[in-house]
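[1] Here's a sequence, model it:
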Amino acid sequence: MSAAAGWTVETVRGLADIPAAAWDACAGAEPGGVPPNPFVSHAFLHALEQAGCVGGRSGWAPAHQIMRGADGSLIAAAPAYVKSHSLGEYVFDHAWAEALERAGGQYYPKIQVAVPFTPASGPRLMVRSGLAPLPARMALLDGLEALRARIGGSSIHATFLPEDEAESFAARDYLLRSDRQFHWTDENFGSFEGFLAALSSRKRKMIRRERKEALASGLTVRWLTGAAITEADWDAFFAFYMNTGSRKWGRPYLNRRFFSLIGQSMAERIVLILACRGERPVAGAINFIGRDALFGRNWGAIEEQPFLHFEICYYQAMDFALAHGLKRIEAGAQGEHKLMRGYRPVLTRSAHALVHQGLRRAVADYLRREQDHIAAEKIELDNLAPFRRA
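    Predicted coordinates:
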């Protein structure tokens with residue numbers, strides 16, 4: 001599809017033939033560097049494809065939008081997928097699908113602009129530095145709309161958007177949706193003790209007790225990153241991951257090969273935090289390292305220990321972030337229990353274009369009411385934060 005200024009936008013069915021450096025430059029990487037957000041990196045998205053977590057019969061068919069300049073160089077990109085279901089997205093539209101199908105319509109296929117299985121905000125309409133972002137974003141949106149028309153899709157959804165990109169979608173009459181997560185921010189604490197000093201006395205005592213009891217049975221904690229992560233470590237972590245999936249009666253989205261692939265291509269951007277009994281890991285969490293943030297993703301354990309989840313996923317993550325100058329921790333979806341442990345509510349954003357006008361009107365009305373609820377809830381949660389009052 002042609003775009004302005006000699007640009008062309010096309011759909012690619014995978015990243016195998018897209019040079020990693022060119023894709024990563026669109027995602028904000030400096031020459032020879034890595035993108036600020038690890039999840040939109042070529043290494044992460046390509047590993048999902050290589051491992052078969054997306055593509056094939058997964059219901060996530062890669063349909064990335066790429067834009068080339070007049071000289072053929074890659075200048076903008078959007079990670080996109082044709083979906084045949086709504087699993088693995090963390091922004092739920094199941095009720096919308098059911099409503100359209102009850103009315104005799106067909107909700108799937110749809111287009112999802114997202115990082116699969118990853119509820120972390122980051123760029124979706126990615127434009128190379130030095131290029132005016134708004135016209136390039138509009139061209140990528142043109143490409144997405146052309147793709148939707150070709151496949152007869154019901155809708156386009158872009159999830160976990162940064163605020164400026166949400167505004168670009170809104171300019172094209174997409175419906176905006178808000179939700180909330182809990183993020184931890186280093187407010188110049190200096191150390192974990194500095195963080196505790198900022199809390200109310202009751203919460204400070206609670207966290208100290210939890211940290212002590214989590215390791216009271218003799219467990220030790222190891223941080224592993226880069227070449228220190230071995231295939232044996234991935235074997236151990238994958239067992240934890242599968243155990244969590246089975247206990248939640250869910251279907252784990254990631255397979256064992258995926259972890260080996262990211263271990264080969266982006267281990268320096270990963271920290272495994274493992275709880276060990278002697279030399280044997282019995283619990284652990286995987287975190288991804290961004291330019292200024294730590295992203296907690298998956299956790300699991302094969303031993304039950306009080307408060308071990310909080311120690312490995314939250315308190316050890318804070319220790320790591322403070323030690324490495326990372327100003328923010330994003331610990332994924334859900335979890336009001338994070339609030340009392342120093343995580344604050346933060347809004348997340350998504351954008352939705354629905355072809356069926358009746359469904360669009362109904363969803364727009366629902367989102368207006370939902371928005372009021374989310375805004376009121378955030379104010380209430382802010383007031384429940386465990387920090388000492390000034």
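
[2] Break this structure into its domains for me.
    Split into domains by automatic domain parsing, the chain comes to 4-180+346-383, 187-326.

[3] how about those, which one is nearest Met340?
    For those, proximity to Met340 was assessed by Cβ to Cβ; domain 187-326 is nearest, at 6.1 Å. In short, each C-beta sits where N, CA and C put it, glycine included.

[4] Endpoint to endpoint, the closest one covers what distance?
    11 Å (Cα to Cα, to the nearest Å).

[5] which SS state does the residue nearest to Tyr174 when sequence neighbours are not counted fall under?
    Spatial nearest neighbour of Tyr174, excluding adjacent residues (Cβ to Cβ, 6 or more residues apart in numbering): Ala351 at 4.0 Å. When classified by DSSP: H, G, I helix; E, B strand; the rest coil, Ala351 comes out as strand.

[6] Ala351: what's it in contact with?
    Shown in contact with Ala351 (Cβ atoms under 8 Å, 6 or more residues apart in numbering): His157, Ala158, Leu161, Ala166, Phe169, Ala170, Tyr174, Leu175, Leu176, Arg177.

[7] what do you get for Arg328?
    Neighbouring residues of Arg328 by Cβ under 8 Å, 6+ apart: His183, Trp184, Thr185, Asp186, Asp292, Ala293, Leu294, Ala321.

[8] Please apply the same query to Gly342.
    Trp184, Phe195, Leu199, Lys203, Ile207, Tyr314, Met318, Ala385, Pro386, Phe387.

[9] ok, Phe258 to Trp184 distance?
    26 Å (Cβ to Cβ, to the nearest Å).

[10] which of the two has more neighbours?
    Trp184 (24 against 21; other Cβ atoms under 10 Å).

[11] quick one, what contacts that one?
    Tyr314, Ala317, Met318, Ala321, Arg328, Ile329, Ala331, Lys338, Gly342, Tyr343, Arg344.

[12] what pLDDT does it get?
    You'll see Trp184 listed with a pLDDT of 97.

[13] now swap in Ala239 and tell me
    Value for Ala239, per-residue pLDDT: 96.

[14] Could you find the closest non-adjacent residue to it?
    Ile302 (6.3 Å).

[15] What are the boundaries of the strands in the stretch 1-150 of the chain?
    Counting by DSSP state E, counting those that start in this stretch, the stretch 1-150 of the chain has these strands, from start to end: 8-12, 60-62, 64-68, 74-78, 80-83, 110-113, 126-127.

[16] want to try TSV for these, with distance to Arg222 as columns?
    Shown next, in TSV, are the strands of the stretch 1-150 of the chain (distance: least, Cβ to Cβ, whole Å):
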stretch	distance to Arg222
strand 8-12	40
strand 60-62	33
strand 64-68	37
strand 74-78	37
strand 80-83	35
strand 110-113	36
strand 126-127	35
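
[17] so where's this structure shaky on pLDDT?
    1-5, 246-250, 390 (pLDDT under 70).

[18] Just the C-alphas of whichever helix or strand Phe320 is part of, formatted as CSV.
    Using DSSP states H and E, the element containing Phe320 is helix 316-324. Below are the C-alpha coordinates for helix 316-324, written out as CSV (Å, rounded to 0.1, in the frame of the first residue of the first chain):
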residue,chain,number,x,y,z
GLN,A,316,13.9,-8.9,45.6
ALA,A,317,12.8,-7.0,42.4
MET,A,318,13.1,-3.8,44.4
ASP,A,319,16.5,-4.7,45.7
PHE,A,320,17.6,-5.4,42.1
ALA,A,321,16.1,-2.2,40.7
LEU,A,322,17.7,-0.1,43.5
ALA,A,323,21.1,-1.8,42.9
HIS,A,324,21.0,-1.2,39.2
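
[19] who's in contact with it?
    Residues from elsewhere that reach helix 316-324 (Cβ under 8 Å, 6+ apart): 184, 186, 189-192, 195, 221, 223, 271, 273, 285, 287, 289, 294, 296, 326-329, 331, 342.

[20] Now the element after that helix, going C-ward?
    Past helix 316-324, the next helix or strand by DSSP H and E is strand 328-330.

[21] Distance of Glu89 relative to Ala103?
    22 Å.

[22] neighbour count winner among those two?
    Neighbours per residue (other Cβ under 10 Å) separate Glu89 from Ala103, with Glu89 holding more: 22 against 11.

[23] Can I get the contacts of Arg328 in CSV including secondary structure and distance to Gly153?
    Output for the contacts of Arg328, formatted as CSV (DSSP: H, G, I helix; E, B strand; the rest coil; distance: Cβ to Cβ, whole Å):
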residue, secondary structure, distance to Gly153
His183, strand, 33
Trp184, strand, 38
Thr185, strand, 38
Asp186, coil, 42
Asp292, coil, 36
Ala293, strand, 33
Leu294, strand, 35
Ala321, helix, 40
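
[24] Including distance to Pro31, could the residues you listed go into a markdown table?
    Formatted as a markdown table, the contacts of Arg328 follow (distance: Cβ to Cβ, whole Å):
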| residue | distance to Pro31 |
| --- | --- |
| His183 | 30 |
| Trp184 | 32 |
| Thr185 | 30 |
| Asp186 | 29 |
| Asp292 | 20 |
| Ala293 | 22 |
| Leu294 | 25 |
| Ala321 | 27 |
